[in-house]
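Visitor: Coordinates only, no sequence provided:
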C-alpha cells in the first residue's frame, strides 16, 4: 500500500491569520488514537502564505489536493477527508462526499503524474 501523507504548513506563525501551528496541533491530537496509516508531517512552507493555514494531501499514483484558509476547528473534517482519500482507488473524492466545510477551502486538485 502506498504512503498517504498530509502536509501541514508551519511557515505561518501564530501571529498570522489561521495560526498554522494550532491546526497542526489539532490534527495530531485528533489523530492520536487512530491507526489509519496516515503520515502527518509539518512542512516549512506550502507557498500559499497569503491564504494560511494550508495543507496538502498526497499519495503516489493518486490525485493530490491542496487546501487553504483552514482553521484549527477544521482538523476533524481534514482527517475525515483524508480517510475518504485513503479509501479511494485513484484519490478522487467526489465533491458531494467531501466534508462541506472543506469545499470552499480546496484550491487545487492535481492529477497524478503518468507512470514512468
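Guide: Cool, the structure landed. What you see is a predicted model; the values in this text were computed from it and never measured. Residues are numbered from 1 along each chain as shown.

Visitor: drop to CA atoms for contacts and neighbour counts, all remaining ones
Guide: Fine.

Visitor: Report the contact partners of residue 51.
Guide: 68-69 (CA atoms under 8 Å, 6 or more residues apart in numbering).

Visitor: start at 23 instead
Guide: New numbering, starting at 23: the last item is residue 73.

Visitor: pLDDT wise, what is it at?
Guide: We have a pLDDT of 86 for residue 73.

Visitor: Next, it: secondary structure please.
Guide: Assigned state for residue 73: coil (three-state reduction, DSSP: H, G, I helix; E, B strand; the rest coil).

Visitor: isn't residue 77 right up against residue 32?
Guide: No: between residue 77 and residue 32 there is no contact under CA atoms under 8 Å: 9.6 Å.

Visitor: Those two: which is more packed in?
Guide: residue 77 (28 against 23; other CA atoms under 10 Å).

Visitor: so what's that one bridging to?
Guide: Counting by DSSP bridges, residue 77 is bridged to residue 30, residue 89.
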